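S.K.: Predicted model and sequence follow; I will ask about them next.
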Amino acid sequence: MHRVVKFTKYLPEFGWESSVLTVANPSVPLKDESLLKDVPHSTEIVRARTLEPSYQFKERFSGRKSKAPTAPIAAAPDSKKSSFNPARMIKGMARRAANLLFQPDMQVLWGPNAYRAGCELLRRTPHDVIVATAPPFSSFRVGARLAKKFGIPLVLDYRDEWGISNTYWENKQQSRLSQRIQQRMQARLLRAATMAIATTPSSRQSVQHSATAAGSSVRCEYIYNGFDPDDFVRSAGSRRDYGNGIDLFRLAYVGTLWNLNPIEPLVKAIERLQQTSPQVLSRLELVIAGRRTPDQEAVLDRLNQTSCHLVRLPFISHDEAIRLMQTSDCLTLLNAPVPDAERIVNGKIFEYLACEKPFLLISPEGDMWEMTADCPYALPCDPLKPEQIALSLASEMERHQAGISSERAVWSPAAYGRRQRAEQLAEMLSSLTDGASNGTRDKKPHSAIATDSLVSS
């Protein structure tokens, strides 16, 4: 939710105040309360309770481990002879029924209370625009109901594409019927919206395609995520804060490891280095910080058979994460080689750029490769080519040991700041409200941001 927090932080500089409608008891795997310090005191935060069960209950109920996508393989001759498990079958049926019943997602249980709280907010303080941000996409439905009732423009902020989220989200197993229901649901919302904002050029095109198919004339734009320079000023840290030793080459990954961000490509590259350059590998310290699904932990276990120094950290706060990035020699970003992943631009990449340190961009060729084409720190690698990843890593380690620094002074990450992103949003919102009046023209216009969680990971 960094995107929402940073918008609320910087929008007042460009003439817009914000209120935030969010959940009082979020059902999320992790929370980072440190982000709340960036929310201005002038921002009113309205929290509504959800009837959604806890994330831990949903995880137990799903009964499935998130597996990294792989290419299809031929089934073994006896693969169909799995033992019958009545409990698993009943749990699977219940899960499918729940996914069909709660549309578009389980967070729809937040909707009734959120709508009532939103109505109270808008009666108390007239607003000029509703910005609904998702996923979860039930937030779009809340925003649409409020916009219709109060007759103000609706902006849909797609932090992720609807279809991609449904395909890869944890605890999601959608039937064809659910997919059809949600396609129609998205079409209605796009027809109700005045503007839709994506996070990348390709995602904007995808949303535009969905809007056209829905017969909607909604205006589609995109605003990249970014980094906040203030985070880097206050996050100077010591190299001893993390890891085992200061003499090793530190490679860090910060974020969740799951099916869309799998560690397997990097592990394969390290295993390759173990075979070809064990002495080089013995100088490598790999620090993994963040939540990890069990299957990703199992892949990491393979590194115990190598000379790589592996450090596993739990989820850490945003400030701590930036300190880790700043005290590392190289960073890595991971996207799975699956359909549509080429359109994903991970939010973490902007903070990597801000660190001005080399980073392995292990991702299918697409928007991130194009965005960083002129960045001397980006080391793009195909996740299906471990030998390419191994070569890039070994070359960077040798360059570091030799004290060779590339000519990188002419490049600057300044264009990717969160302040510039908020300015873009403010200009877009102003274009929707020029000439309109909802009783707030004697002061700054207000935008209400509807989101299911303000402080999730």
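M.R.: Ah, there it is. Bear in mind that the values here come from a model prediction, so they are computed numbers and not experimental data.

S.K.: What are the boundaries of the helices in the stretch 51-200 of the chain?
M.R.: Counting by DSSP state H, counting those that start in this stretch, the stretch 51-200 of the chain has these helices, from start to end: 55-62, 86-101, 111-124, 138-150, 162-168, 176-192.

S.K.: Among those, show the one with the smallest mean pLDDT.
M.R.: The minimum mean pLDDT among the helices of the stretch 51-200 of the chain belongs to helix 55-62 (a mean of 62).

S.K.: quick one on the thing from earlier: between the helices of the stretch 51-200 of the chain, which gets nearest to residue 393?
M.R.: Taking CB to CB, helix 162-168 is the member of those nearest to residue 393, at 26.2 Å. The C-beta positions use only the backbone N, C-alpha and C, and glycine is treated the same way.

S.K.: who touches residue 2 in this structure?
M.R.: 35, 225, 318, 347 (CB atoms under 8 Å, 6 or more residues apart in numbering).

S.K.: follow-up on the earlier one: got the helices of the stretch 51-200 of the chain as CSV, with distance to residue 6 and mean neighbour count columns?
M.R.: Below are those laid out as CSV (distance: least, CB to CB, whole Å; neighbours: other CB atoms under 10 Å):
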stretch, distance to residue 6, mean neighbour count
helix 55-62, 24, 14
helix 86-101, 32, 13
helix 111-124, 21, 17
helix 138-150, 18, 23
helix 162-168, 21, 19
helix 176-192, 24, 16
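
S.K.: Can you say which of those helices is nearest to residue 274?
M.R.: Comparing the helices of the stretch 51-200 of the chain by CB to CB, helix 162-168 comes nearest, at 30.2 Å.

S.K.: Need the contact partners of that closest one.
M.R.: Identification of contacts with helix 162-168 by CB under 8 Å, 6+ apart yields 104, 134-135, 137, 172, 174, 179, 182, 186, 206, 210, 259-260, 338-340, 343-344.

S.K.: Any of the residues you listed buried? List them.
M.R.: 104, 134-135, 137, 172, 174, 182, 186, 206, 210, 259-260, 338, 340, 343-344 (16 or more other CB atoms under 10 Å).

S.K.: Out of those, which comes closest to residue 43?
M.R.: residue 134 (19.8 Å).

S.K.: Quick check: bridge partners of that closest one?
M.R.: residue 158 (DSSP bridges).

S.K.: ChimeraX command to pick out the buried ones of the contacts of residue 2?
M.R.: With 16+ other CB under 10 Å as the criterion, this ChimeraX line picks the buried residues out of these:
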select :35,225,318,347
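
S.K.: Can you convert the contacts of residue 2 into a markdown table and add a column each for distance to residue 333 and pLDDT?
M.R.: Listed next are the contacts of residue 2 as a markdown table, based on distance: CB to CB, whole Å; pLDDT from 0 to 100:
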| residue | distance to residue 333 | pLDDT |
| --- | --- | --- |
| 35 | 21 | 84 |
| 225 | 13 | 97 |
| 318 | 17 | 93 |
| 347 | 10 | 94 |
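
S.K.: you'd agree residue 262 is up against residue 334?
M.R.: Yes: between residue 262 and residue 334 there is a contact at 6.4 Å, judged by CB atoms under 8 Å.

S.K.: Those two - which one has more neighbours?
M.R.: Legend: neighbour count by other CB atoms under 10 Å for residue 262 and residue 334, higher for residue 262 (26 against 22).

S.K.: Look up how far residue 383 lies from the more buried one.
M.R.: 8 Å (CB to CB, to the nearest Å).

S.K.: Which neighbours do those two have in common?
M.R.: Once CB under 8 Å, 6+ apart is applied, the residues that residue 262 and residue 383 both contact turn out to be 334, 336.

S.K.: So for stretch 356-364, mean pLDDT?
M.R.: 96.

S.K.: Let's have the helices of the stretch 51-200 of the chain in a markdown table, adding distance to residue 432.
M.R.: Formatted as a markdown table, the helices of the stretch 51-200 of the chain follow (distance: least, CB to CB, whole Å):
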| stretch | distance to residue 432 |
| --- | --- |
| helix 55-62 | 35 |
| helix 86-101 | 35 |
| helix 111-124 | 16 |
| helix 138-150 | 11 |
| helix 162-168 | 22 |
| helix 176-192 | 14 |
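
S.K.: Residue 377: which of the ones you listed is closest?
M.R.: Per CB to CB, nearest to residue 377 of the helices of the stretch 51-200 of the chain: helix 162-168, 26.5 Å.

S.K.: Only alpha carbons, please: show that closest one as PDB.
M.R.: Only the C-alpha atoms of helix 162-168 are listed here, as PDB (Å, rounded to 0.1, in the frame of the first residue of the first chain):
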ATOM      1  CA  TRP A 162      -7.700  -7.700 -12.300                       C
ATOM      2  CA  GLY A 163      -6.900 -10.700 -14.500                       C
ATOM      3  CA  ILE A 164      -3.300 -11.100 -13.400                       C
ATOM      4  CA  SER A 165      -4.300 -10.800  -9.700                       C
ATOM      5  CA  ASN A 166      -7.000 -13.500 -10.100                       C
ATOM      6  CA  THR A 167      -4.500 -15.800 -11.800                       C
ATOM      7  CA  TYR A 168      -1.700 -15.700  -9.300                       C
END
